[in-house]
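In: from the sequence below, what's the structure:
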Amino acid sequence: MMIAMLMLLAAPGAEQPPSPVPQADEPMKPVTNPGGWVTPADYPPAALRDTLEGVTGFRLTVGPDGLPRRCEIIASSGHEMLDTATCRLLMERARFQTQRDANGVRVGGTYSNRIRWQMPDDYLEQLARSGFQLDTNRPAWPRGAVPDPEMVTLDAGAHYPAKALAERQEGDVVMTLTVDPLGKVVGCAVINTSMVKELDDAACALMRANGKFQPALDSNGKPARSVVPATFNWVLPRADDAAPNPEPPIRKFPMSDAGMIEATVRIGTDGQASDCQYKSAGVGGQMPNPCDSIGGRLRYIPFTDTNGRPVARRITFRTEVKVEDDAAPAAAPAK
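Out: You can find the predicted model right below:
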């Protein structure tokens with residue numbers, strides 16, 4: 001049964017890698033069927049579930065033995081899941097007939113093409129014809145915590161911090177809430193501050209006191225402890241006869257203090273990420289830890305040297321906020 005369509009697009013030719021690597025005069029030719037490199041059965045299950053589609057452009061660096069040494073994404077499908085699957089499958093399955101140079105020595109090269117990841121319009125109908133269909137009348141497990149309908153009765157104005165109210169301060173508090181199996185909020189952590197401490201503290205206090213959820217369910221359908229990402233928006237109360245477009249409150253610029261974040265991670269010869277280190281100062285302390293998304297057990301396409309051999313690399317990236325004197329002349333006030 002065809003559950004998805006994947007197509008190798010365009011008639012490829014061999015792209016020449018940079019000198020001084022010797023190259024054959026003829027285009028590199030696949031010795032296995034390119035149509036079998038990525039098949040409908042290879043569609044990532046999560047991509048099927050989320051109905052992700054797109055076209056991934058790739059370039060393979062091929063050794064003299066006809067085996068791919070490296071895969072690069074030169075045009076993303078827009079979905080990392082599909083791009084990653086493309087390179088993984090091509091490295092496993094693509095094979096080429098290499099040519100000989102003027103001295104009779106076999107040489108490698110590069111090969112570029114595109115893979116179209118496309119789901120058919122009648123995907124669920126085709127699944128049903130195979131004998132399988134989803135029961136939409138029953139819930140899926142595991143399930144995350146869901147806000148209880150009573151949450152709509154929360155009156156933020158009644159809990160507005162007095163100091164923030166007096167100073168006409170507003171802001172958005174991004175936080176994570178720990179919800180127990182009874183649906184009660186038992187923990188709150190601010191991960192992106194509103195820049196007003198009183199608002200941050202009040203948001204967590206309000207959630208602990210009045211937050212109410214239908215608890216998460218584990219794979220057996222039983223209530224379980226969970227962590228819920230959420231945002232609380234503090235908006236100043238306004239009288240019924242207030243102007244429809246009141247002047248916005250004056251607040252502190254969100255990057256008023258100098259700060260820095262820095263992260264380093266090691267990518268081994270097998271593509272394994274390890275030893276991710278993170279440090280921050282000033283404004284960086286309000287940012288989420290990037291090691292949570294790039295470190296851990298993730299694997300990547302390994303880096304290679306000029307001969308196409310995998311090598312280990314340490315990657316470092318920094319983000320910095322500077323607050324400096326403005327040497328430019330002041331602009332005339334608007335009239």
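
In: which residues of the stretch 1-150 of the chain fall in strands?
Out: Secondary structure of the stretch 1-150 of the chain (DSSP state E, counting those that start in this stretch): strands at 5-9, 14-15, 29-30, 54-62, 68-75, 96-97, 99-100, 106-107, 109-118, 146-147.

In: mind putting those into a markdown table with distance to T304, mean neighbour count and mean pLDDT?
Out: C-beta: built from backbone N, CA, C; applies to glycine. What follows is the strands of the stretch 1-150 of the chain, written out as a markdown table (distance: least, Cβ to Cβ, whole Å; neighbours: other Cβ atoms under 10 Å; pLDDT from 0 to 100):
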| stretch | distance to T304 | mean neighbour count | mean pLDDT |
| --- | --- | --- | --- |
| strand 5-9 | 24 | 16 | 58 |
| strand 14-15 | 16 | 18 | 44 |
| strand 29-30 | 21 | 16 | 90 |
| strand 54-62 | 7 | 20 | 93 |
| strand 68-75 | 5 | 17 | 93 |
| strand 96-97 | 17 | 16 | 90 |
| strand 99-100 | 22 | 16 | 85 |
| strand 106-107 | 17 | 16 | 88 |
| strand 109-118 | 13 | 20 | 91 |
| strand 146-147 | 47 | 16 | 85 |
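
In: for this protein, what spans make up the helices?
Out: 45-49, 80-93, 123-129, 162-166, 197-210, 291-294 (DSSP state H).

In: avg pLDDT for the fourth one?
Out: Read that as helix 162-166. Averaged over helix 162-166, pLDDT sits at 91.

In: before we move on, what about the fifth one?
Out: If you average the pLDDT over helix 197-210, you get 93.

In: mind listing what's buried in that helix?
Out: 198-200, 202-204, 206-207 (16 or more other Cβ atoms under 10 Å).

In: with the fourth one instead?
Out: Under the neighbour-count criterion of 16+ other Cβ under 10 Å, helix 162-166 has A164 buried.

In: name the residues that touch it?
Out: 196, 198-199, 202, 234, 236-237 (Cβ atoms under 8 Å, 6 or more residues apart in numbering).

In: again, only using 7 Å
Out: For helix 162-166, the surrounding residues in contact (Cβ atoms under 7 Å, 6 or more residues apart in numbering) are 196, 198-199.

In: how many residues are close by the closest residue to S256 other than its chain neighbours?
Out: With Cβ to Cβ, 6 or more residues apart in numbering as the criterion, S256 has its nearest non-adjacent residue at 6.7 Å, and that residue is V323. V323 is flanked by 12 other residues according to other Cβ atoms under 10 Å.

In: surely V323 and A258 touch.
Out: Yes - the pair V323 / A258 is scored as a contact, 5.2 Å apart, by Cβ atoms under 7 Å.

In: picking that back up, and the buried residues of helix 197-210 as TSV, adding distance to P290?
Out: Converted to TSV, these look like this (distance: Cβ to Cβ, whole Å):
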residue	distance to P290
E198	29
L199	26
D200	22
A202	29
A203	24
C204	24
L206	30
M207	26
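
In: please identify which of the residues you listed is nearest to T306.
Out: Set against T306, the nearest of these by Cβ to Cβ is D200 (50.9 Å).

In: that closest one and V227, how far apart?
Out: Separation of D200 from V227 (Cβ to Cβ, to the nearest Å): 18 Å.

In: how about W117?
Out: In this view, W117 and V227 are 32 Å apart by Cβ to Cβ.

In: cool, and L154?
Out: In terms of Cβ to Cβ, L154 sits 20 Å off from V227.

In: so the two - more neighbours on which side?
Out: The neighbour count for L154 versus V227, taken as other Cβ under 10 Å, is higher for L154 (16 against 13).

In: got the contact list for R266?
Out: Counted by Cβ under 7 Å, 6+ apart, R266 has contacts 274-275, 312, 314.

In: W234 too?
Out: Contacts of W234 by Cβ under 7 Å, 6+ apart are 156, 170-171, 194, 199.

In: rebuild those as TSV, extending it with distance to P142.
Out: Listed next are the contacts of W234 as TSV, based on distance: Cβ to Cβ, whole Å:
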residue	distance to P142
A156	31
E170	36
G171	33
S194	31
L199	33
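
In: out of these, which are buried?
Out: Members of those classed as buried by 16+ other Cβ under 10 Å are 170-171, 194, 199.

In: give me the pLDDT for the spatially closest residue to F303 that is not a sequence neighbour.
Out: Distances taken as Cβ to Cβ, 6+ apart put R313 closest to F303, at 4.5 Å, once the chain neighbours are dropped. Predicted confidence (pLDDT) for R313: 91.

In: mind listing the residues bridging to R313?
Out: Beta bridges link R313 to I267 when assigned by DSSP bridges.

In: against K197, how distant is M207?
Out: Taking Cβ to Cβ, one finds M207 at 16 Å from K197.

In: hmm, back to that, what's the separation between the residue nearest to S256 and E262?
Out: V323 is 18 Å from E262, by Cβ to Cβ.

In: dump the strands of the stretch 1-150 of the chain to CSV, plus distance to P181.
Out: Shown next, in CSV, are the strands of the stretch 1-150 of the chain (distance: least, Cβ to Cβ, whole Å):
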stretch, distance to P181
strand 5-9, 43
strand 14-15, 57
strand 29-30, 55
strand 54-62, 39
strand 68-75, 42
strand 96-97, 56
strand 99-100, 65
strand 106-107, 63
strand 109-118, 39
strand 146-147, 14
